[in-house]
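Novice: build me a model:
(one chain, ligands or ions: 2)
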Amino acid sequence: MTVLSDELIPNNVDLSSDRRLQRALEAWQPKFIDWWKEMGPDGFMAKDVFLRTAISVEASGWAHFDYVKMPDYRWGIFLEPRQADRKIGFGDHLGEPVWQEVPGEMRNMLRRLIVTQGDTEPASVEQQRLLGQTAPSLYDLRNLFQVNVEEGRHLWAMVYLLHTYFGRDGREEAEELLQRRSGDVDRPRILGAFNEPNNHWLSFFMFTMFTDRDGKYQLSSLSESGFDPLARTCRFMLTEEAHHMFVGETGVGRIVKRACELMKQPGGDVRAQGGIDLPTLQKYLNLWYTLSLDLFGGEISSNAADAFAAGLKGRHKEDRYAEHTVLDQSYGMNVVEQGTVVHKDVAMRTALNEVLRAEYIKDCQRALDRWNKTIAEEGLDFTIVLPSNRFHRQIGIYSDHAFTPGGELITRDAWNARRSEWLPTETDEVYVKSLMQPVVEPGKIAGWLAPPAKGINGLPEDFEYVRLA
Ligand SMILES: [Fe+2]
Ligand SMILES: [Fe+2]
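Specialist: Numbers count the residues shown, from 1 in each chain. Ligands and ions are numbered 1, 2, ... in the order given. The predicted structure is shown next:
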């Protein structure tokens, strides 16, 4: 059995003097490594990858960059430092001291929140498992692996909480996090988007843009938690998450840029020149954006109300709000009644999933504005749009109805007849996959993608980010 030292597991939780945690992790760590080798990036375990590793929580020097073989990555455990006298910032326990141990009556709800978050981390690694084989450049290949190892660390972060605060149930949950598999019929991952196939780099960039961004908002609301170890853990995870969204937003942006360049060539047919045309990009956006909207849960949700009341899950940046119980407040949303969409006020606590989703939508739109600016600067006429939050939903009050991307209620038959205009078809999928030929020479890039604006950590673009030789 591996002996877990501070050297092997960088941490700020005093692991070397916590025998109980060491024992739990010593039993779990070999299973994690087995899982990583079985379900992590296929075909690259023996390669040197230029990766960043979290080694402290100091803003100035939290990350260390060097070549490492992925199974040797030092998955660490970091919590933001404790703030003295921190108080619960919302809900029924507003103003009480935060909890350092799990209050008994909140145990089940809290465990479910941690397990649900934790489950997404290995799930995304599983979904992205084969993408290394078709990377458009060494720069992108390295970014994929960076995202993968950090999702592995996020799993460690949640397992740390389960092992430390939930005793035997926690250890069982930690095992199950390694047993479920993305897309498996018998033991799928918990949330829908994390069981969807992520077959190529267009989906990868959409996933890191939209699905990792859901992660940002979930972590942000959990970082408000009255359970202090969860809040501190999630705050540190957000540091890493920023890079994942950077990969997504700039990845899509580079596809857009390349499409524009090809549109300006004689004839202007993007596909004929081996690019991803903007209408196709829009369809994949429609798919991953709506799958990600579902991750926020139902528009009207008693679970959301309970977690807020209990002080376990707050709003994004709770400090911005003047009032923190929201007991007398309501929230207006569109609901379907007798075949039409009507505006209705619902009790604020039950609407908190929708409040968080609205923040997320604003954040997504900011990225679209930047992509659209690129298109306009290239002198072209096309606007990438976010579909209505009612379109293509599988969770919540809109999921029983069919809506166009513009938000118009239509019959299911009419929707099915137009599906291929709005969402990727088999033909689109075959075409996009046909572009996915690996490019592994330093500084070279696939023809459907523009080069990055700059390299990683100040390094040149033609740096050998992954040593394949
Ligand atoms: Fe994550
Ligand atoms: Fe992420």
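Novice: mind listing the helices in the chain by residue range?
Specialist: For the chain, the helices defined by DSSP state H cover 19-39, 107-127, 138-165, 167-177, 201-206, 212-222, 228-263, 278-294, 302-309, 352-377, 412-422, 426-435.
Novice: which residues of the protein lie near ligand 2?
Specialist: 212, 241, 244 (CB under 5 Å from the ion). From N, CA and C alone the C-beta is placed, and that goes for glycine too.
Novice: measure how buried the closest residue to residue 388 other than its chain neighbours is and give me the count.
Specialist: Nearest residue to residue 388 in three dimensions, chain neighbours excluded: residue 407, at 3.2 Å (CB to CB, 6 or more residues apart in numbering). Residue 407: 14 surrounding residues under other CB atoms under 10 Å.
Novice: same check, this time on residue 141
Specialist: With other CB under 10 Å as criterion, residue 141 counts 25.
Novice: thought it was touching residue 135?
Specialist: Yes. Using CB atoms under 8 Å, residue 141 is in contact with residue 135, at 3.7 Å.
Novice: joint contacts of these two?
Specialist: Common contact partners of residue 141 and residue 135 (CB atoms under 8 Å, 6 or more residues apart in numbering): residue 440.
Novice: middle-most residue in this structure, spatially?
Specialist: In the chain, the residue lying closest to the centroid (CA atoms, centre = their mean) is residue 212, at 1.9 Å.
Novice: list the contacts of it.
Specialist: By CB under 8 Å, 6+ apart, residue 212 lies in contact with 124, 147, 241, 244-245, 248.
Novice: got it, and residue 86?
Specialist: So residue 86 contacts 97-98, 228 (CB under 8 Å, 6+ apart).
Novice: what's the pLDDT at residue 355?
Specialist: We have a pLDDT of 98 for residue 355.
Novice: for it, give me its contacts.
Specialist: By CB under 8 Å, 6+ apart, the residues touching residue 355 are 315, 331, 348.
Novice: tell me which residue lies farthest from the centre of this structure.
Specialist: When distances to the mean C-alpha position of the chain are computed (CA atoms, centre = their mean), the maximum falls on residue 266, with 38.9 Å.
Novice: and the residue of the chain nearest ligand 1?
Specialist: residue 154 (3.7 Å; CB to the ion).
Novice: which regions of the stretch 301-450 of the chain sit below the pLDDT cut-off?
Specialist: Along the stretch 301-450 of the chain, the model assigns pLDDT under 70 to no residue.
Novice: neighbours of residue 454, just the number please.
Specialist: 11.
Novice: thought it was touching residue 461?
Specialist: Yes. Between residue 454 and residue 461 there is a contact under CB under 8 Å: 7.1 Å.
Novice: count the neighbours of residue 429 for me.
Specialist: That count, for residue 429 with other CB under 10 Å as the rule, works out to 17.
Novice: residue contacts, the nearest residue in space to it that is not next to it in sequence?
Specialist: Leaving aside its chain neighbours, residue 429 sits nearest to residue 199 (7.2 Å; criterion: CB to CB, 6+ apart). Taking CB under 8 Å, 6+ apart, we find residue 199 in contact with 130, 429, 433.
Novice: likewise residue 61?
Specialist: Counting by CB under 8 Å, 6+ apart, residue 61 touches residue 55.
Novice: please redo it, this time with the cut-off set to 6 Å
Specialist: Contacts for residue 61 (CB atoms under 6 Å, 6 or more residues apart in numbering) come out as none.
Novice: where's residue 223 relative to residue 36, distance?
Specialist: Distance from residue 223 to residue 36, counting by CB to CB, to the nearest Å: 26 Å.
Novice: actually residue 213, not the one I typed
Specialist: 25 Å.
Novice: and if you look at residue 18?
Specialist: If you go by CB to CB, the gap between residue 18 and residue 36 works out to 24 Å.
Novice: ditto for residue 60
Specialist: Relative to residue 36, and taking CB to CB, residue 60 is found at 30 Å.
Novice: who has more neighbours out of those two?
Specialist: residue 36 (22 against 5).
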